[in-house]
Every structure is written in C-alpha cells, then in structure tokens.
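Any chance you could fold what I've pasted below:
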Amino acid sequence: MSREKRKVLIPNSWDGISIQMYQDFKKISTKKLKEEEFNLQVLSVICGLDKDMVKQMEIPSINKVLKTLKFLDKEMPNTEELVKKVEWNGKMYGFIPNLSEITMGEYIDIEEHCKNAEDNLHKIMSVLYRPIVKETDRRYSIEPYVPSKELEDEFLDFPILPSMSALSFFFHLGKKLQNSLHKYLKRETEKLKKEV
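Below is the predicted model of the structure:
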C-alpha cells in the first residue's frame with residue numbers, strides 16, 4: 001500500500017503564523033496533554049493537516065517538522081512598534097490612519113469585540129486593517145468600514161505579528177493616557193489647593 005504524498009507549508013518563524021493558528025495553538029497549550037497528543041495537535045493546526053494524515057507520517061518526518069516549529073516555544077518577537085502597513089493576500093492593508101477620525105460603527109465594533117479580545121482578534125483586525133485605496137509618500141487612506149461575517153472570517157488568516165502590534169499599541173496608549181490623566185489631575189489639585 002503506497003502512502004499519499006502531499007506538500008505541506010511549514011512556518012519557520014512567527015511571521016508564518018496566522019490569527020487562527022495562534023488561537024488554536026493557545027487553546028492546545030492550555031490543555032494538559034501527553035507529549036504525543038500535544039505534538040499531533042500542533043502539527044494539525046500549524047501545518048493544516050488533519051490528525052489522520054499526521055498519524056500516517058513517518059517518525060523522522062514528524063521530528064523534522066517539530067524541530068522547525070521549535071520557535072513556538074519561544075516568546076513572540078517584540079511587537080511594541082505598531083505595524084501600520086501589511087501586505088496580505090496580494091494587497092496592501094493599512095491600519096486606521098487617524099484614530100481621532102474613527103467612525104461610531106468602528107468604535108462600537110472594536111469595543112464589543114474587545115470584551116473577548118483573544119477569541120475575537122480576527123474581528124478586531126478586520127476593523128483596524130483595511131485595503132489601502134490611495135497612498136502618497138507620507139499618507140494613505142483605506143477602504144470605508146463595512147462589517148461582514150465573511151470579512152471577519154477571512155481575517156482568521158491575517159498574520160499574527162501585526163495583530164499583536166496593534167494590541168500592544170492600544171495597551172501602551174492606554175497606559176500613556178492613564179499617566180497623562182494622573183499628571184493633569186495632580187496639577188489641577190495643586191491649583192485648587194493654592195486657590196483655597
């Protein structure tokens with residue numbers, strides 16, 4: 001009986017990981033699995049193979065693939081700097097260029113999706129990143145926001161690194177705003193004390 005040969009795309013860094021792969025990998029990582037079952041599930045979600053196919057693979061091939069996937073054991077690269085533009089599916093996507101001009105629909109959807117950010121990461125990214133329609137040396141504009149379930153599902157294949165950079169951006173922005181608010185309130189309190 002001959003084995004079916006199939007070409008498999010094996011990511012060798014975090015650059016090759018999509019939101020869906022990341023979400024599935026995180027779920028597997030939280031389970032208490034035996035090493036063999038864990039490896040089987042990782043190969044399945046990261047390489048897009050069903051479990052029966054993985055079971056048909058030869059041990060040396062499995063070990064070779066697992067060695068390539070060792071980067072998953074390490075921290076994700078630093079994502080503090082916002083990735084503003086991403087080439088994905090043959091198009092350039094841009095992060096919302098001016099957050100002060102965000103629409104009410106964008107704001108409401110982001111706010112709702114952030115209630116469960118890890119599971120809704122693809123939905124959040126479908127709001128924040130959209131195809132660039134016009135670009136100059138320093139500026140770009142993106143398609144208007146039109147929410148759809150199909151678009152959200154497409155973003156399951158969006159790369160994880162720009163996604164994490166966007167989350168990191170909002171986290172650091174929140175901390176900066178909190179610090180600024182604290183300094184402002186302190187100054188205002190001092191002014192009031194002087195007046196009294």
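
ok, residues contacting the helix or strand harbouring E36?
With secondary structure defined by DSSP states H and E, E36 is part of helix 35-47. When contacts are defined by C-beta atoms under 8 Å, 6 or more residues apart in numbering, helix 35-47 is touched by residues 8-11, 17, 21, 24-25, 28, 31, 33, 49-51, 54-55, 57, 62, 65-66, 69, 72. C-beta here means a position set from N, CA and C on the backbone, and glycine is covered the same way.

PyMOL command to pick out the buried ones of those?
Of the contacts of helix 35-47, the buried ones go into a single PyMOL selection, burial set by 16 or more other C-beta atoms under 10 Å:
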select buried, resi 11+17+21+24+25+28+49+54+57+62+65+69+72
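
mind listing which of the contacts of helix 35-47 are in helices?
Residues of the contacts of helix 35-47 located in helices (DSSP state H): 21, 24-25, 28, 51, 54-55, 62, 65-66.

Could you chop the chain up by domain?
Domains of the chain are assigned by automatic domain parsing as 14-73, 85-189.

weakest of the ones you listed by average pLDDT?
Lowest mean pLDDT within those: domain 85-189, a mean of 84.

and it, how far from the chain's centre?
11 Å (C-alpha atoms, centre = their mean, to the nearest Å).

Can you tell me the strand partners of the longest strand seen in the chain and which way each runs?
Secondary structure of the chain per DSSP state E: the longest strand is strand 129-135. In the sheet, strand 129-135 lines up against strand 91-95 (antiparallel), strand 140-142 (antiparallel) (DSSP bridges).

how about those strands in TSV, adding distance to Y107?
As requested, the strands paired with strand 129-135 are exported to TSV (distance: least, C-beta to C-beta, whole Å):
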stretch	distance to Y107
strand 91-95	15
strand 140-142	16
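
Mind putting those into CSV with mean neighbour count and distance to L156?
Formatted as CSV, the strands paired with strand 129-135 follow (neighbours: other C-beta atoms under 10 Å; distance: least, C-beta to C-beta, whole Å):
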stretch, mean neighbour count, distance to L156
strand 91-95, 17, 15
strand 140-142, 16, 20
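
For E101, find the nearest of those strands.
strand 140-142 (10.7 Å; C-beta to C-beta).

What residues of the helix or strand just after that closest one count as buried?
Following strand 140-142 in sequence order, the next helix or strand is helix 149-154 (DSSP H and E). Neighbour counts over helix 149-154 (16+ other C-beta under 10 Å) mark E152 as buried.

Mind giving me the packing neighbours of helix 149-154?
If contacts are counted by 3 or more C-beta pairs under 8 Å, 6 or more residues apart in numbering; DSSP states H and E, helix 149-154 sits against helix 121-128.

Pull the residues that contact the helix it packs on.
By C-beta under 8 Å, 6+ apart, the surrounding residues in contact with helix 121-128 are 19-20, 22-23, 95-96, 106, 109-110, 113-114, 117, 145, 147, 151-156, 158, 162-163, 166-167.

swap in stretch 104-113?
96, 120, 123-124, 127-128, 145, 147.
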